[in-house]
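Chemist: Got a predicted structure here, sequence first:
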Amino acid sequence: MFLTNKIIPIILLFSTCAFSQGTLRGVVQEEITAQPLVGAHISLKGSQQGAIAQQEGYFSIQRVDPGTYELEVSFVGYHSQTSMVE
């Protein structure tokens, strides 16, 4: 049996900090049930930066330089999802 579950789009905030770096924050939830996906892996493609979704599905990636990134979210049993973020 193939799992076809999807991760819903991620809610993201980008706030600037000292030295023109910021923190990328968001939450990862299951598309249909809106249940948090604790333990989901979030990464900025093409970089070494990433995070693991914590309690309630929240994540935070610190020291992100300004720019446009492709964010990838993966979780066991789900198709990976990517989104462009600025």
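Modeler: It's in. Residues are numbered from 1 along each chain as shown.

Chemist: residue contacts, the nearest residue to S83 once chain neighbours are set aside?
Modeler: Closest residue to S83 apart from its sequence neighbours, by CB to CB, 6 or more residues apart in numbering: L71 at 5.1 Å. (Glycine included, C-beta is placed from N, CA and C.) By CB atoms under 8 Å, 6 or more residues apart in numbering, L71 lies in contact with I10, L12, L24, I42, S43, L44, K45, T82, S83, M84, V85.

Chemist: same thing but 10 Å
Modeler: By CB atoms under 10 Å, 6 or more residues apart in numbering, the contact list for L71 reads 10, 12, 24, 26, 42-45, 50, 61, 81-85.

Chemist: List the ones among those that fall in strands.
Modeler: With DSSP state E as the criterion, strands contain 12, 24, 26, 42-44, 50, 61, 81-85 from among those.

Chemist: so E31 makes contact with V73?
Modeler: No - between E31 and V73 there is no contact under CB atoms under 10 Å: 11.5 Å.

Chemist: And the two? Which one has more around it.
Modeler: Between E31 and V73, counted using other CB atoms under 10 Å, the more crowded position is V73 (24 against 13).

Chemist: Pull up the gap between that one and Q54, please.
Modeler: Note on V73: its distance to Q54, by CB to CB, to the nearest Å, is 14 Å.
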